[in-house]
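[1] Have a look at this prediction, sequence included:
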Amino acid sequence: MTVELNMPKSWRQETKPHKFCPGCGHGLVLKGLGQAIDELGIQDKVVFGCDIGCSLLTWDFFNCDTVQTHHGRTGPVITGIKRARPDRIGIAYMGDGGGYAIGSQHLVNAAMRNERITVIVVNNANYGMTGGQMAPTTLPGMKTETSPYGRDIDKTGYPMQGPEMVAAIVREGAYVARGTMANVRQLKTFIKRALENQIAGNGFSFVEILSSCPTNWSTNAKDTWNFVEQEMPKFFKVGELKVPTKKEE
Ligand SMILES: Cc1ncc(C[n+]2csc(CCOP(=O)(O)OP(=O)(O)O)c2C)c(N)n1
Ligand code: SF4
C-alpha cells in the first residue's frame, strides 16, 4: 500500500519529517504557510527568512529561496531583500523572543515605515530553543526556567501584545492579525491575507500565531492543547486587528 503524503507542494519533501519536537506548534504554522504559498502560486517569488531560535530549523524547510539571519534580525534582512527586489515576496519568520525582545526595535520600525513585507511571529510564551526561559509573552503566573515561582507581573509587567502594538502604530494599508494553531484553517486564511496584502503593495503585514512548546512547558498532549486553546487566548485575543481599507498614498 502506498501512503500519499499530505504536504504542501512548497515544502521540501526530502527534508521531512521535520526537526521540531513532537507536539510543537511550528509544524502546524508552517503547514498553513505552505498551503497559503501554494494557493497563491508564489513559491518561485518567495524569499523566506528565519531567525535564531527554533524557527531556524526551517532553514531547509521550503522549496523557496531561504535566508537564515541573526537573532531578532530577520525583519531587517527581509526588508533589505524586498527593497532590492520589490518583485519578491518577503516573509520574516521568527519566535516571540526574536520578534518582541531582541528584535522589538526592528518590528516597531518596520511597522512605522510600512515596509512591504510579511512578518510571522510564533508565540509559544517562552524562549524555546534555549531551554524555556521567560519571554515577553510569558503569561502571568506561568512557570519558566527563569520564573520558577511563576511570572510576577509586579516585577516583569504584563505579557507583550504584539499585534495590538503593531496595529496601533501602522498606517493605512497594513494588515494585522493573530491566529492560533488550534485553528489551522483560520491561521492559513490570516497568513494568506497578509501575503495578498504584500502582493497588492498595500503595506506592512503582520501575523502572530499562538503555538505550543510541550518540551519546555513540560505538558502532556491534553494539557498542551488546553493551554493553547483555553489559557493563551485569555491574554492574546485571536482575530484580525487591522484590515486595509484603501491603498496607501
Ligand atoms: C544575539 C543573540 N542573543 C541571544 C541568543 C541566544 N538565543 C538563541 S535562541 C534564543 C531564544 C529563542 O526564542 P524565541 O525567539 O521565542 O524562539 P523559539 O525558540 O521559542 O521558537 C536565544 C535567546 C542568540 N543566539 N543571539
Ligand atoms: S523546544 Fe519548543 S518550540 Fe522548539 S522545537 Fe521543541 S517544542 Fe518546538
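    Cool, got the structure. Numbers count the residues shown, from 1 in each chain. Ligands and ions are numbered 1, 2, ... in the order given.

[2] hmm, stretch 12-25 in reach of ligand 1?
    No. Stretch 12-25 does not reach ligand 1 (C-beta under 6 Å from any ligand atom); its nearest approach is 8.6 Å. In short, each C-beta sits where N, CA and C put it, glycine included.

[3] Pull the residues that contact that stretch.
    5, 7, 26-27, 30, 54, 57, 60-63, 122, 124, 128, 181, 209-215, 221, 224, 228 (C-beta atoms under 8 Å, 6 or more residues apart in numbering).

[4] Let's see which of these end up in strands.
    122, 209-210 (DSSP state E).

[5] Look up how far L5 lies from the nearest residue to M7 once chain neighbours are set aside.
    Nearest residue to M7 in three dimensions, chain neighbours excluded: Q13, at 6.2 Å (C-beta to C-beta, 6 or more residues apart in numbering). From Q13 across to L5, the span is 7 Å (C-beta to C-beta, to the nearest Å).

[6] same thing with E164?
    Per C-beta to C-beta, E164 is found 38 Å from L5.

[7] neighbour-wise, which of the two wins?
    E164 (14 against 8; other C-beta atoms under 10 Å).

[8] So the more buried one: helix, strand or coil?
    When classified by DSSP: H, G, I helix; E, B strand; the rest coil, E164 comes out as helix.

[9] swap in V207?
    strand.

[10] got the contact list for the residue of the chain at minimum distance from ligand 1?
    Ranked by C-beta to the nearest ligand atom, the top residue of the chain for proximity to ligand 1 is G95, at 2.2 Å. Counting by C-beta under 8 Å, 6+ apart, G95 touches 51, 53-55, 121-124, 127-129, 135.

[11] which of those are close to ligand 1?
    Within the contacts of G95, those near ligand 1 by C-beta under 6 Å from any ligand atom are 53-55, 122, 124, 127-129, 135.

[12] Most widely separated two among those?
    S55 and A135 (13.4 Å; C-beta to C-beta).
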